[in-house]
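Undergrad: here is my input, please return the structure:
(2 chains)
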Amino acid sequence: MGQTNPPFMSGVPELLLLRLLEQREMYGYELVKTIRLVTGEAISLGEGVIYPVLHALERNGALRARRRKVAGRTRVYYSVNSRGRQRLATLQNEWLRIQSGISAALQAPSNA
Amino acid sequence: MPDNPFCALECELLEAGISPRQVRRIVMELEDHVEDLREEALAGGMSFNEATDFARRRIGHQAHIAERVLSTPELRPWIYRYPRFARLYLPLAYVLLLPAAPVFANPGRVFRWSAALMLSAAVTATMMLCMQLAIALS
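TA: Down below sits the predicted model:
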């Protein structure tokens, strides 16, 4: 397995999954592949770990799951519902706030 | 790969009280994911054994997956998520349900059985409540 991300990335998989699923419904493998692609492999999830996150989001009512038979295989496709969109908006705002705070701290002259 | 490569994960999750339905679905999705990874590797020119190793590496350690499932409150039974409620609810449910058992089992003997069962349920429930109180106050 490749290098996975440190603990401060907690909450990031949830944000990414909601963002990607907002665009179109996808299944687990497809999601991991897309995350690698859109983040330029900067974010590398332990691939099996994606399922507890997806299932938790589904339990919270943020995602809808449905089984589809594709080429003789049954796959579970996930899509975002209205609650998921609200959660995504909250997470996005939170992330942007943290990001601007960290950027400000990194750009500030060191006075330690 | 063995028939069920996620056997250890499945057992660990079931033993930890995750619902069998949830466990089956996690394992089914993981197996499907491994199959996709293997196909990707085979398409990239790897041999079957190399592709299987690649898929195993990418899916990650089963212990990590189990850890993640068990640290997700939404996936745990309600008894783990609301322990205080469970401590109160279970003894009360026991008191209410046990005397009603003979009604479903043998309606003819309902009067003979219910008094004895009511008493035993009350004693048991009192003991359970005392134990829960002792745990809560300790």
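
Undergrad: show me what the helix or strand B:A93 falls within packs onto, helices and strands only.
TA: Take DSSP states H and E as the rule and B:A93 turns out to sit in helix B:83-97. Secondary-structure packing of helix B:83-97 (3 or more C-beta pairs under 8 Å, 6 or more residues apart in numbering or on different chains; DSSP states H and E): helix B:78-81, helix B:110-137. Using the backbone N, CA and C atoms, a C-beta is placed for each residue, glycine as well.

Undergrad: swap in 7 Å and give it another go.
TA: Contacting helix B:83-97 under the criterion 3 or more C-beta pairs under 7 Å, 6 or more residues apart in numbering or on different chains; DSSP states H and E are the following elements: helix B:110-137.

Undergrad: between the helix it packs on and helix B:83-97, how many degrees?
TA: With axes from the mean of the first three to the mean of the last three C-alpha atoms, to 10 degrees as the criterion, the two stretches helix B:110-137 and helix B:83-97 enclose an angle of 160 degrees.

Undergrad: so which bits of helix B:110-137 are buried?
TA: When burial is assessed from 16 or more other C-beta atoms under 10 Å in any protein chain shown, helix B:110-137 yields the following buried residues: B:110, B:113-114, B:117, B:121, B:125, B:128-129, B:132.

Undergrad: can you tell me which of those residues is closest to chain A?
TA: Nearest to chain A among the buried residues of helix B:110-137, counting by C-beta to the nearest C-beta, is B:Q132 at 27.2 Å.

Undergrad: who's in contact with that closest one?
TA: B:R87 (C-beta atoms under 7 Å, 6 or more residues apart in numbering or on different chains).

Undergrad: give me the phi and psi angles of A:E25.
TA: phi -80, psi 140 (degrees, to the nearest 10).

Undergrad: next one: it from B:F111, what distance?
TA: The gap separating A:E25 from B:F111 is 58 Å, by C-beta to C-beta, to the nearest Å.

Undergrad: ok, back up a step: from the chain's centroid, how far away is the helix holding B:A93?
TA: Put simply, helix B:83-97 sits 19 Å off its chain's centre (C-alpha atoms, centre = their mean, to the nearest Å).

Undergrad: check stretch B:46-58 too.
TA: In this view, stretch B:46-58 has its centroid 31 Å away from the chain centroid, taken as C-alpha atoms, centre = their mean.

Undergrad: that stretch vs chain A: in contact?
TA: Yes - applying C-beta under 7 Å from any C-beta of the partner chain, one finds stretch B:46-58 in contact with chain A at B:57-58.

Undergrad: where's A:Y77 relative to A:L96, distance?
TA: Per C-beta to C-beta, A:Y77 is found 29 Å from A:L96.
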